[in-house]
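[1] pasting a predicted model and its sequence here:
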Amino acid sequence: IEAKAERQRLLDEARQESDALRARRQDMLISEYGNLRDEIARLTQHEVFSIARKALTDLATTSLEERMTVVFICRLQEMDGTTKQQLAHNLKTASDPALLRSAFELPAEQRVAIQTALNETFQAEIQVRFETVPELISGIELTTNGQKLAWSIADYLLSLEKGVDELLKEKNKVGPEQPRPATNNQ
């Protein structure tokens, strides 16, 4: 009887250790699955945005650049009071000319239009240095004393990318628990 009881105790102990090992293995597999799913989502997101940036860069034309100048000027003229006051102060007190960067070389008439809009908006003769930066992905940005006013397709893509990141993070926080397969306790 004592040998039979010891045998049963050892079998029960082995079964419990086996069940614990199986549970740990399942937890590890679920964790690896979640990590793999997250990595695939992150890589997919990165590739989608990379392709979108490339396509938009390839599609950009001079007429698009002209339209961007119009949109940038509208954004400049529609600034809220506080932002406008800050930018006016920075433009007027800057020791260097303001830097206006664009994805493409701006034709003379577009430079004049931007210069005129700046002078009229801030009621001063604003000194501007124009620079071409292809990495801007169809955009225009004005920088002075650490303040920036910009419009670009990249801004929209960045905003969309941040939104997708937040959705993925939120989904991972409140996502349903992975069901654990039932263990066989026989």
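    Great, that's in hand.
[2] quick one: residue 77 from residue 27, how far?
    Distance, residue 77 to residue 27, using CB to CB, to the nearest Å: 59 Å. For the C-beta atoms, the positions are set from N, CA and C on the backbone; glycine is no exception.
[3] just residue 78 next, same as before
    Distance check for residue 78 against residue 27: by CB to CB, it reads 55 Å.
[4] next one: residue 117
    According to CB to CB, residue 117 stands 61 Å off from residue 27.
[5] so those two - more neighbours on which side?
    Neighbour tally, residue 117 and residue 27, criterion other CB atoms under 10 Å: the higher count belongs to residue 117, 18 against 12.
[6] find the nearest non-adjacent residue to that one, please.
    Ranked by CB to CB, 6 or more residues apart in numbering and with sequence neighbours excluded, the top spatial neighbour of residue 117 is residue 73, at 4.4 Å.
[7] which SSE is immediately downstream of the biggest helix by length in the chain?
    The longest helix of the chain (DSSP state H) is helix 2-59. Of the helices and strands lying after helix 2-59 in sequence (DSSP states H and E), the nearest is helix 62-77.
[8] report the buried residues of that following helix.
    65, 68, 69, 72, 73, 76 (16 or more other CB atoms under 10 Å).
[9] just checking, which of these comes out lowest on pLDDT?
    In terms of pLDDT, the lowest of the buried residues of helix 62-77 is residue 65, showing 68.
[10] point out where this protein drops to low pLDDT.
    Residues of the chain meeting the criterion pLDDT under 70: 45, 49, 52-53, 56-65, 137-138, 154-157, 172-186.
[11] go again using 80 as the cut-off
    Residue ranges of the chain with pLDDT under 80: 37-38, 40-67, 103, 134-139, 150-186.
[12] circling back to that earlier point, what helices or strands is the longest helix of the chain leaning on?
    Counting contacts by 3 or more CB pairs under 8 Å, 6 or more residues apart in numbering; DSSP states H and E, helix 2-59 packs against helix 153-174.
[13] and the longest helix of the chain, how far from the chain's centre?
    Computed by CA atoms, centre = their mean, to the nearest Å, the separation of helix 2-59 from the middle of its chain amounts to 28 Å.
[14] next, the angle helix 62-77 makes with it.
    100 degrees (axes from the mean of the first three to the mean of the last three CA atoms, to 10 degrees).
[15] please identify the buried residues of the helix or strand where residue 85 lies?
    Assigned by DSSP H and E, residue 85 belongs to helix 81-93. Within helix 81-93, the residues that count as buried by 16+ other CB under 10 Å are 84, 87, 88, 91.
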